[in-house]
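>>> Can you look at this prediction? I've put the sequence above it.
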Amino acid sequence: MAPMPAPLADEIVEMVNNLRAKITPPSQFELARLDDAIRRLGDVDIGASQCFRGVYYALQGDEMNAVKWLDIALGLAPDKPDIYLNYSIALSRLGRKEEAVKMALAGVIKGDYTPVAISNLLLAAYYADAEAVLREWMPKYEKLTGTPHKVAIWLEEDAEDEDMVPELLEESRKGGVISLEQLCKELGL
């Protein structure tokens with residue numbers, strides 16, 4: 001497979017990140033710009049373009065089509081960790097939580113050890129109650145970033161209100177998990 005042209009891929013990633021950061025849904029103009037860039041990328045890297053096509057549908061809340069396109073992308077480019085991670089998010093939004101954890105874990109195992117990749121895995125594991133995955137990857141995330149993951153903070157915050165897994169909570173306390181309020185204070189927020 002030909003390498004993805006960096007300027008076009010960077011352009012698409014920037015567009016997607018900007019659209020995800022918006023409070024309002026993407027406009028037709030924004031979606032048309034993204035669609036055009038994805039089409040142009042398809043001439044060079046079909047696997048990456050299909051992944052972005054899945055993200056395109058996810059941005060519109062159409063997770064069924066997102067999963068369809070991400071499945072195609074995975075068949076074309078099984079070596080790209082970002083496909084697994086985007087697939088995981090779409091599966092999670094469809095309520096297919098156990099599949100989402102497996103997909104996120106596969107993405108991390110493929111070599112994407114970035115904080116974002118591990119964060120996606122931890123979020124999927126949290127929602128699927130995948131205790132073993134949380135136990136293994138929470139410390140790795142904290143070691144990589146120097147801060148506890150928001151899942152660890154949620155576990156700390158929810159401990160008194162819900163029946164969270166006691167051993168996991170104790171484990172996370174040993175890892176220096178702090179409350180959300182304390183974290184915000186330390187970060188000056």
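Yes, it's here. Numbers count the residues shown, from 1 in each chain.
>>> helix or strand for Pro50, which one?
In this structure residue 50 is Gln, not Pro. helix 46-59 (DSSP states H and E).
>>> Please determine how far His149 is located from Ser119.
His149 is 6 Å from Ser119, where distance means C-beta to C-beta, to the nearest Å. Any C-beta I mention is one placed from the backbone N, CA and C, and that applies to glycine too.
>>> Looking at those two, which is more packed in?
Comparing His149 with Ser119 by neighbour count (other C-beta atoms under 10 Å), the higher total belongs to His149, at 27 against 18.
>>> OK, contacts around that one?
118-119, 122, 138, 141-142 (C-beta atoms under 8 Å, 6 or more residues apart in numbering).
>>> switch to 6 Å and redo it
122, 138, 141 (C-beta atoms under 6 Å, 6 or more residues apart in numbering).
>>> Just list the residues touching the spatially most central residue of the chain, thanks.
The centroid of the chain falls nearest to Asn120 when counting by C-alpha atoms, centre = their mean (3.6 Å). Counting by C-beta under 6 Å, 6+ apart, Asn120 makes contact with 85, 88, 104.
>>> Now, those residues that are in helices?
85, 88, 104 (DSSP state H).
>>> Using a markdown table, lay out those residues together with neighbour count, pLDDT and distance to Asp45.
As requested, the ones in helices among the contacts of Asn120 are exported to a markdown table (neighbours: other C-beta atoms under 10 Å; pLDDT from 0 to 100; distance: C-beta to C-beta, whole Å):
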| residue | neighbour count | pLDDT | distance to Asp45 |
| --- | --- | --- | --- |
| Leu85 | 26 | 84 | 17 |
| Ser88 | 28 | 88 | 21 |
| Ala104 | 33 | 85 | 23 |
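>>> Can you verify my assumption that Leu19 contacts Pro26?
Yes: counting by C-beta atoms under 6 Å, Leu19 does reach Pro26; the two are 4.8 Å apart.
>>> which residues are in contact with both of those two?
By C-beta under 6 Å, 6+ apart, the residues touching both Leu19 and Pro26 are Leu59.
>>> Neighbours of the residue nearest to His149 when sequence neighbours are not counted, how many?
Leaving out its chain neighbours, the residue that sits closest to His149 by C-beta to C-beta, 6 or more residues apart in numbering is Tyr141, at 4.7 Å. Taking other C-beta under 10 Å as the criterion, the count of residues near Tyr141 is 22.
>>> helix or strand for Tyr141, which one?
Per DSSP H and E: helix 131-145 holds Tyr141.
>>> residues of that helix that come out buried?
133-134, 137-139, 141-142 (16 or more other C-beta atoms under 10 Å).
>>> Quick check: the two most widely separated of those?
Val133 and Glu142 (14.9 Å; C-beta to C-beta).
>>> where does this structure have low pLDDT?
For the chain, applying pLDDT under 70 flags the ranges 1-6, 112, 153-189.
>>> If we use 50, what do you get?
1-4, 159-189 (pLDDT under 50).
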